[in-house]
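Asks: Next come a sequence and a model predicted from it.
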Amino acid sequence: MATVIIPTPLRKFTENNARLETDAATVGSALQSLSEKYPDLRRHLFDDTGNIRPFLNIFVGEDDIRDRNQGDTLLESNTVLSIVPAIAGG
Amino acid sequence: MESFRNIQFSRAELARYDRHIIIPDFGMEAQQKLKAARVLVVGSGGLGSPLLLYLAAAGVGTIGIVEFDTVDDSNLQRQVLYGQEDVGRLKADAARARLESLNPYIHIRVHHTRLTSENALDIVREYDVVADGTDNFPTRYLVNDACVLAGKTNVYASIFQFEGQVSVFNYTGSNGETGPNYRDLYPTPPPPGLVPSCAEGGVLGVLPGIIGSMQASEVIKVVTGVGEPLSGRLFIFDALQFETRIFKIKRRSDNPLNGENPTITRLIDYEFFCGLKELKPVREITVEELLIWQSSGEQFQLIDVREQAEYESANMGALLIPLSTVSEKHYLISRDRKVVIHCRSGVRSARALRELEDKFGFDNLYNLKGGITEYLRVIETVAS
């Protein structure tokens, strides 16, 4: 099971869960199944055309999925998938 | 930075900075570099407070503060630069007083202003390194773009609730290679309302203390050349879980500032870029209407805002004022008759029109719908 780390601003949509497990094979399907489980999360992860929102950074381990295989990036059982949104507070 | 090797210290300064100077990997040279450095801190709020306190204490010779706001009761839970007695005072003035009492051997410059597309480059160019402690997306992109255009390192941090992020953007290492910037990490801003601000979502008071101190540490590393700055890496801290992570970030070839085909060559309207401002419609004229004006002897001036090379390849006999120069050449544009502005398709001319209306109050401007492309198409249709 890969682990998905939910950032603070999105935890209110995941019943305050900071870490979730997924058995999905790719980043895209992991995020899809997350938003099926937590429907309010969907619009924060995907835009109207179903693409991952560009102000969200998704990292697999320490790598940006844009430098890997985007949504098709494969997840291993020990992969940590981090969702890192833009925040602007100062 | 003025040559640090000429920097001298008084006996009092040597005593003050002793614990720096005795660190083997830091020493006198790093302390001289700090005193020679000019660092701009944008925003003296949650992050700006520890940043300014530690940079001043560390002996950064010139510290600039950009801040327009006044101290409010709700600031004191985290903005440790200020006390109860400062409530109602301009933050920049209160900050200067506090920092001068902390370290009388440095120079504090205050810029009582919002950082804007008009003033950002002039301010940023007066400093060696910039530290971004602002609190909204438009200003984040503005600081980033100004730093990239001016060739300055942008030491970045941001906070929200229990979470903080730190990185060093646009840093050119000793190998001459420049690292990623904010637009490589976040190519587009979130739509308005989707990501709450600290004013809306709150922030744990100590969090900017932790994150702003890391930001100060990165500023000191960048200035002194000691250590390995957080360039090409994003650090995040989750205070709730006590979890820290570091991710790799890379430059993107489609970065509009310094990718393969840069499209941003000067500062833009960041409120608009972040979707915070609706574009008001511009007054338009169709090619057909323009032809009627011409045949009926209507008095108007025609302006082309394309580039010289485009004008040479085909033109409508208009006065050429490229978009990037319309503000400085606004005096060439008539006020006592109608003015039709065109470009290739109508997009640049609409921007020129808004710029001229907003900055100089023109009320006689018309945008040629479809631009010269549409004009040539209509003329050809008529001719055949």
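Replies: Perfect, I can see it now. Numbers count the residues shown, from 1 in each chain, chains lettered A, B, ... in the order given.
Asks: Show me what from the stretch 1-150 of chain B comes close to chain A.
Replies: B:43, B:45-48, B:132-137, B:140 (CB under 8 Å from any CB of the partner chain). C-beta here means a position set from N, CA and C on the backbone, and glycine is covered the same way.
Asks: now the helices for the stretch 201-350 of chain B?
Replies: B:207-224, B:270-273, B:287-296, B:308-313, B:347-360 (DSSP state H, counting those that start in this stretch).
Asks: so what does the shortest one touch, helix or strand wise?
Replies: What it means is helix B:270-273. helix B:137-150 (3 or more CB pairs under 8 Å, 6 or more residues apart in numbering or on different chains; DSSP states H and E).
Asks: now for the helix it packs on, which elements pack on it?
Replies: Packing contacts for helix B:137-150, counted by 3+ CB pairs under 8 Å, 6+ apart, involve helix B:120-124, strand B:129-132, strand B:153-160, helix B:182-185, helix B:270-273.
Asks: Confidence-wise, which of the ones you listed is weakest overall?
Replies: Note on these: lowest mean pLDDT is at helix B:270-273, with a mean of 90.
Asks: wait, what's in contact with the closest residue to A:Ile5 other than its chain neighbours?
Replies: Closest residue to A:Ile5 apart from its sequence neighbours, by CB to CB, 6 or more residues apart in numbering or on different chains: A:Ser82 at 4.7 Å. A:Ser82 makes contact with A:4-5, A:7, A:58-59, B:236, B:245, B:247, according to CB atoms under 8 Å, 6 or more residues apart in numbering or on different chains.
Asks: helix, strand or coil for A:Ser82?
Replies: With DSSP: H, G, I helix; E, B strand; the rest coil as the basis, A:Ser82 sits in strand.
Asks: so what's it bridging to?
Replies: According to DSSP bridges, the partner residues bridging A:Ser82 are A:Ile5, A:Phe59.
Asks: How much space separates it from B:Glu243?
Replies: For A:Ser82, the distance to B:Glu243 (CB to CB, to the nearest Å) stands at 10 Å.
Asks: shared neighbours, those two?
Replies: In contact with both A:Ser82 and B:Glu243: A:Ile5, using CB under 8 Å, 6+ apart.
Asks: Any chance of the helices of the stretch 201-350 of chain B in CSV with distance to B:Asn6 and mean neighbour count as columns?
Replies: Converted to CSV, these look like this (distance: least, CB to CB, whole Å; neighbours: other CB atoms under 10 Å in any protein chain shown):
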stretch, distance to B:Asn6, mean neighbour count
helix B:207-224, 16, 24
helix B:270-273, 39, 18
helix B:287-296, 64, 14
helix B:308-313, 46, 11
helix B:347-360, 44, 19
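Asks: Mind putting these into JSON lines with distance to B:Lys152?
Replies: Output for the helices of the stretch 201-350 of chain B, formatted as JSON lines (distance: least, CB to CB, whole Å):
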{"stretch": "helix B:207-224", "distance to B:Lys152": "10"}
{"stretch": "helix B:270-273", "distance to B:Lys152": "18"}
{"stretch": "helix B:287-296", "distance to B:Lys152": "46"}
{"stretch": "helix B:308-313", "distance to B:Lys152": "31"}
{"stretch": "helix B:347-360", "distance to B:Lys152": "26"}
